[in-house]
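Engineer: Sequence plus the predicted model coming up.
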Amino acid sequence: MSTPVIGVLALQGDVREHLVALAAADAVARPVRRPEELAEVDGLVLPGGESTTISKLAVLFGVMDPLRARVRDGMPVYGTCAGMIMLADKILDPRSGQETVGGIDMIVRRNAFGRQNESFEAALDVKGITGDPVEGVFIRAPWVESVGAAAEVLAEHDGHIVAVRQGNALATSFHPELTGDHRVHRFFADMVRAYGAAESL
Ligand code: GLN
């Protein structure tokens, strides 16, 4: 599978930017809203946006449980910002009715880096990404308070964990889809390609 089909959960958030970044990373990218659409992708991106809204819409569209099942089965997933929150097994400060997909044994703190006017950029060393540092765009971003033994920390900023991988699940506090640097999306697309290759053996 040299050209994987990667979906972007398109209920709310910065879907279009992820579709563009995935296409630039040599994947076929398409929006996913419904269980039938989820069944047809090899991997999925959970975009930034508002995690409570995404959580509630995922339940409403009937996609939350199928998504949990596919993540449990090992489908590669990548969550940015609100998407990172969606992949956390535990949120420190959930809003009422807020659920997560889970998949990464980590505890996240929402809005940890401050509110909208405290958004910022920072150069990050991200394990697995070679070359120049990755420009991290943080927008009302969460950080990871702690990770379990199965999760690997890929990047930190100011002593806080901002990128994590556990098996086929990848999460970043920041938004590589907003920078025009597609290395993180390529890293994820390669995870999807590797998964597809192993599955078809
Ligand atoms: N603060 C948002 C949340 O809790 C995340 C912000 C973002 O995705 N840029 O969902």
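Structural biologist: Received the coordinates, thanks. Numbering: from 1, shown residues only.

Engineer: residues in this protein within reach of the ligand, list them.
Structural biologist: Neighbours of the ligand within the chain, by C-beta under 6 Å from any ligand atom: 48-51, 81-82, 85, 110-111, 139-140. In this view, the C-beta of every residue, glycine as well, is placed from N, C-alpha and C.

Engineer: Quick check: next helix or strand after the strand or helix carrying D105?
Structural biologist: Assessed by DSSP states H and E, D105 sits inside strand 104-109. Downstream of strand 104-109, the first helix or strand assigned by DSSP H and E is strand 120-124.

Engineer: What are the contacting residues of the helix or strand that that next one is followed by?
Structural biologist: Following strand 120-124 in sequence order, the next helix or strand is strand 134-138 (DSSP H and E). The contact list for strand 134-138 (C-beta atoms under 8 Å, 6 or more residues apart in numbering) reads 113, 119-126, 155, 157, 162, 172-176, 178-179, 181, 183-184.

Engineer: From those, list the buried ones, please.
Structural biologist: 113, 122, 124, 126, 155, 157, 162, 172-176, 178-179, 181, 183-184 (16 or more other C-beta atoms under 10 Å).

Engineer: how far does the strand holding D105 sit from the chain's center?
Structural biologist: 13 Å (C-alpha atoms, centre = their mean, to the nearest Å).

Engineer: just stretch 79-98 next, same as before
Structural biologist: 11 Å.

Engineer: And the average pLDDT for it is what?
Structural biologist: If you average the pLDDT over stretch 79-98, you get 96.

Engineer: Flag every buried residue along that stretch.
Structural biologist: Neighbour-count burial for stretch 79-98 [16+ other C-beta under 10 Å]: 79-89, 91, 94, 98.

Engineer: taking the residues you listed one by one, which sit in strands?
Structural biologist: 79-80, 88-89, 91 (DSSP state E).

Engineer: In TSV, list those along with distance to P66.
Structural biologist: Shown next, in TSV, are those (distance: C-beta to C-beta, whole Å):
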residue	distance to P66
G79	17
T80	21
A88	19
D89	18
I91	21
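
Engineer: And these, which is closest to the ligand?
Structural biologist: The ligand lies nearest to T80 out of these, by C-beta to the nearest ligand atom, at 6.9 Å.

Engineer: okay, now the nearest residue to that closest one once chain neighbours are set aside: neighbour count?
Structural biologist: Take T80 and drop its neighbours on the chain: the residue closest to it by C-beta to C-beta, 6 or more residues apart in numbering is G48, 4.9 Å away. Counted with other C-beta atoms under 10 Å, residues neighbouring G48 total 29.

Engineer: what does V28 give?
Structural biologist: Residues near V28, counting by other C-beta under 10 Å, number 13.

Engineer: what's the answer for K56, then?
Structural biologist: 18.

Engineer: Show the residue spans covered by the strands in the chain.
Structural biologist: 5-9, 28-32, 43-46, 77-80, 88-91, 104-109, 120-124, 134-138, 143-147, 152-157, 160-166, 169-172.

Engineer: if you compare the ones you listed, which one is most tucked away?
Structural biologist: Of the strands of the chain, the one with the most neighbours on average (mean count of other C-beta atoms under 10 Å) is strand 77-80, at a mean of 30.
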